[in-house]
Structures are given as structure tokens and as C-alpha cells.
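Novice: just the structure for this:
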Amino acid sequence: MGPQATGVRGSTRAAIAAPHLRKDRWWLAPAVTVLGLLAFVVYSTWRAFAGADYYHAPYVSPFYSPCLADNCATMKGGPNWGLFGQWWGLSPALLILVFPLGFRLTCYYYRKAYYRGFWASPPACAVAEPHKTYTGETRFPLILQNIHRYFFYAALLVAVVLTWDTLLGFRDAEYAWGHMGLGTLVFLVNIVLIWAYTLSCHSCRHIVGGRLRHFSKHPVRYRMWGWVGKLNERHMLLAWASLISVALADFYVYLLATGAFTDPRFF
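Specialist: Now for the predicted structure:
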């Protein structure tokens with residue numbers, strides 16, 4: 001006798017020949033997810049390895065901030081921290097992107113997105129996955145998803161630096177304070193979305209309100225937990241919005257650095 005089927009094909013499940021009974025376009029959501037994530041991966045890979053056109057006073061690309069190598073562009077008042085010295089000859093973006101990308105890769109929403117979109121595990125609700133076995137996140141490499149909380153801490157530090165970069169955007173090209181351009185607005189929108197996405201994280205919600213026996217004895221943490229919970233309800237929307245905004249902020253700096261146009265100034 002051959003091996004017995006398991007899962008939806010197991011002997012204890014209804015014997016239905018059809019792979020699923022859904023009549024809607026269930027494949028549309030995972031297909032759009034794949035296209036969206038692939039587009040970001042291609043764009044961010046190109047920009048990360050470029051190692052150029054990431055600074056145009058007073059704006060620095062969020063892909064390159066903080067800049068941790070000696071081969072960074074000179075940014076007056078900016079995040080120039082040459083911690084890795086002169087031996088690092090590759091793009092400085094590769095030193096920092098591992099943290100925000102690690103945070104997103106291990107994020108609970110993004111896990112669902114690429115598990116369904118790329119691995120069809122499962123491709124959609126009530127649609128059987130093609131895999132014969134399932135081990136969850138108990139084996140390498142998926143067991144690394146468990147370090148999501150530590151990437152969250154790193155993402156907080158990166159968000160603080162990006163907030164400082166946004167404040168530096170209230171200068172002009174000669175570094176004089178009290179000015180604002182279109183790039184300042186782009187960076188403001190981006191940092192708001194970055195913080196909203198970061199704080200809507202499930203790990204953040206657990207850190208704020210988890211491991212409490214009685215909310216009544218911790219009214220401040222309970223109130224904060226409620227606020228984070230409201231953000232958490234929109235975690236998927238914030239994940240996509242912040243992904244788009246950080247790419248647009250980088251692309252805006254790229255256009256300025258390559259001379260495609262000049263930054264329109266409001267005052």
C-alpha cells in the first residue's frame with residue numbers, strides 16, 4: 001500500500017474531487033501581492049547596490065540612513081556615522097537595510113502575504129495548498145521568524161534616525177533652517193507612515209499590553225494597548241502604505257540627485 005493522503009485529502013475529510021469550491025477570483029489577491037512585492041524587491045535591490053544618488057541637500061534617502069561607512073556622501077548635520085571605517089567598499093545601504101527589511105520579512109502580515117503569494121501555503125482561504133507536508137515555522141529558515149521582536153527594536157532605532165532626517169528637511173540647500181520644500185512634505189508623509197506601521201506591529205502590541213493579569217491595575221499601559229490595537233487593525237494597510245512611501249521618498253531624492261528637476265520650495 002502506498003502512503004496515505006493527509007490534510008484535505010485525508011480519510012477523515014469529505015471526499016470532494018474539486019480542488020476547491022470557490023467561485024470568486026480568489027487568485028487575484030495573491031497575484032497582486034506577488035507583483036507588488038516583486039516590484040519593491042527589484043527597485044530596492046537596484047537602489048541599494050547603486051551606492052550613488054542618495055543625497056541631495058538637505059534630503060537623504062531612507063535606504064541609506066543612517067550611513068555607517070566612510071564612503072558615505074558628506075551630509076552636514078546628517079547621519080554620517082563611519083562606524084565601519086574605510087574597509088567597507090560596497091554600498092553603505094547594505095549595512096542598514098538588513099534591519100528594516102528584516103523587520104518587514106518577519107512581520108506577521110508580510111508572512112501571510114508571501115506565504116500565500118509565493119509559496120501558496122495556502123494560496124487563499126478554503127483553497128488547498130499543493131504541499132504534502134507542513135512543518136510551520138519550526139525548521140530553518142522559517143524558524144528565524146521568531147526573532148521578529150528583535151528586528152522590531154532595531155526598526156525603532158531606524159525610525160528615530162529617519163525622524164531626524166525629516167527634521168533636517170526643514171532646511172534649504174545651504175543648510176539654513178526655517179525652510180520647506182516638496183521633499184519636506186514627502187518625508188513628513190513617509191515618517192508618519194513608518195511610525196504608524198512600526199507601532200501597529202503585533203510585537204509592539206504585546207510589549208505594551210502583554211503579560212498583564214489585570215488591566216485595571218495598569219491603566220496607562222491599558223490605554224496605550226488600546227491605541228496600538230487601533231493601529232493594529234490597519235496593519236496590512238499601513239504595511240503597504242509605508243512600503244510605497246519609503247520607495248517614493250528614495251525615488252524623490254534620486255530624481256533630485258540626478259538633476260531631473262529642482263526641489264520646489266514653499267518658503
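
Novice: just checking, Gly89 touches Gly51?
Specialist: No. When contacts are counted by Cβ atoms under 8 Å, Gly89 is not listed as touching Gly51 (9.4 Å). Placement of C-beta: from N, CA and C, glycine included.

Novice: neighbour count winner among these two?
Specialist: Taking neighbours as other Cβ atoms under 10 Å, Gly89 and Gly51 compare with Gly51 leading, 18 against 9.

Novice: residues contacting the more buried one?
Specialist: 71, 90-93 (Cβ atoms under 8 Å, 6 or more residues apart in numbering).

Novice: okay, those residues in CSV with secondary structure and neighbour count next?
Specialist: As requested, those are arranged in CSV below (DSSP: H, G, I helix; E, B strand; the rest coil; neighbours: other Cβ atoms under 10 Å):
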residue, secondary structure, neighbour count
Asn71, coil, 15
Leu90, coil, 13
Ser91, coil, 20
Pro92, coil, 25
Ala93, helix, 25
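
Novice: now, which of those sits nearest Val34?
Specialist: Ala93 (24.3 Å; Cβ to Cβ).

Novice: skip the chain neighbours and tell me the closest residue to that closest one.
Specialist: Taking Cβ to Cβ, 6 or more residues apart in numbering, and ignoring the residues beside it in sequence, Ala93 has Ala48 as its nearest neighbour in space, at 4.3 Å.

Novice: test my guess that that neighbour contacts Leu95.
Specialist: No. The pair formed by Ala48 and Leu95 falls short of the contact definition of Cβ under 8 Å, at 10.1 Å.

Novice: between those two, which is the more surrounded one?
Specialist: Set side by side, Ala48 and Leu95 show unequal neighbour counts under other Cβ under 10 Å, the larger going to Ala48 at 21 against 18.

Novice: relative to Ser242, how far out is Thr184?
Specialist: When distance is defined by Cβ to Cβ, to the nearest Å, Thr184 is 18 Å away from Ser242.

Novice: give me the element the residue nearest to Ala93 is part of.
Specialist: Secondary structure assigned from DSSP states H and E places Ala48 in helix 28-50.

Novice: returning to what we had before: switch the contacts of Gly51 over to JSON lines; also include distance to Ala120 and pLDDT.
Specialist: JSON lines is the format used below for the contacts of Gly51 (distance: Cβ to Cβ, whole Å; pLDDT from 0 to 100):
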{"residue": "Asn71", "distance to Ala120": "42", "pLDDT": "89"}
{"residue": "Leu90", "distance to Ala120": "35", "pLDDT": "90"}
{"residue": "Ser91", "distance to Ala120": "34", "pLDDT": "94"}
{"residue": "Pro92", "distance to Ala120": "37", "pLDDT": "93"}
{"residue": "Ala93", "distance to Ala120": "32", "pLDDT": "94"}
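
Novice: from the residues you listed, which single one is nearest Ala247?
Specialist: Within the set of those, Ala93 lies nearest Ala247; the separation is 13.1 Å, counting by Cβ to Cβ.

Novice: shouldn't the closest one be in contact with Pro66?
Specialist: No. With contact defined as Cβ under 8 Å, Ala93 does not count as touching Pro66 (10.8 Å).

Novice: any stretches of this protein with poor pLDDT?
Specialist: When residues are selected by pLDDT under 70, those of the chain lie in 1-14, 16.

Novice: could you pull out the helices for it?
Specialist: Read by DSSP state H, the chain holds these helices, from start to end of the chain: 28-50, 93-96, 98-105, 108-119, 148-168, 182-199, 202-209, 219-232, 235-257.

Novice: can you list these in JSON lines and add distance to Phe266?
Specialist: Converted to JSON lines, the helices of the chain look like this (distance: least, Cβ to Cβ, whole Å):
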{"stretch": "helix 28-50", "distance to Phe266": "27"}
{"stretch": "helix 93-96", "distance to Phe266": "29"}
{"stretch": "helix 98-105", "distance to Phe266": "29"}
{"stretch": "helix 108-119", "distance to Phe266": "35"}
{"stretch": "helix 148-168", "distance to Phe266": "15"}
{"stretch": "helix 182-199", "distance to Phe266": "8"}
{"stretch": "helix 202-209", "distance to Phe266": "34"}
{"stretch": "helix 219-232", "distance to Phe266": "29"}
{"stretch": "helix 235-257", "distance to Phe266": "15"}
